[in-house]
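K.L.:
let's see this in three dimensions:
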Amino acid sequence: MSFLTSSNHPTVAEGDTVMIYIDYSTILAAQIDLSAKQSVIHTKKGPVSLKNLIGHRYGTKLTCKSGYVQILQPTPELWTKTLPFRTQILYLPDISMIVMHLDLKPGSLVSLHWLIDGLFG
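P.N.:
Okay, here's the model as predicted:
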């Protein structure tokens, strides 16, 4: 799912990228790909089967062994929280992922603003 087309369908479908909200300090990004080897994400709340996410509405709370996790649509803010480094230094893998998820193509107009906390918006 792209940030540009995120509002077109309110449920999780194969090929979507979802944010798995575990707690305030832990948010994971996961690609829903049934052909991938890793079909389960192990969290501190318990395992989350990616196959079982298909068809659930975004915002749904899923019960795990020791609590619950919430499935959220990706937003630029949530995506930033999943990055391992949140500083002014943008590393090449981070830049590549951001460019891909923003669907930037040659000729796209991009405005980059540096914020006080080191994140860009």
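
K.L.:
give me the below-cutoff pLDDT ranges for this structure.
P.N.:
1-8, 85-89, 113-121 (pLDDT under 70).

K.L.:
which helices and strands does the longest helix seen in it pack with?
P.N.:
Of all segments of type helix in the chain, defined using DSSP state H, the longest is helix 92-101. Helices and strands in packing contact with helix 92-101 are not found; criterion 3 or more CB pairs under 8 Å, 6 or more residues apart in numbering; DSSP states H and E. C-beta: built from backbone N, CA, C; applies to glycine.

K.L.:
buried residues of that helix, list them for me.
P.N.:
Of the residues in helix 92-101, 94, 98, 101 count as buried by neighbour count, 16 or more other CB atoms under 10 Å.

K.L.:
what segments of this structure are helices?
P.N.:
76-82, 92-101.

K.L.:
could you dump those to JSON lines with distance to Ile27?
P.N.:
Output for the helices of the chain, formatted as JSON lines (distance: least, CB to CB, whole Å):
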{"stretch": "helix 76-82", "distance to Ile27": "5"}
{"stretch": "helix 92-101", "distance to Ile27": "15"}
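
K.L.:
of these, which is nearest Asp33?
P.N.:
helix 92-101 (15.2 Å; CB to CB).

K.L.:
returning to what we had before: out of the helices of the chain, which is closest to Glu14?
P.N.:
Glu14 lies closest, by CB to CB, to one member of the helices of the chain: helix 92-101, at 17.4 Å.
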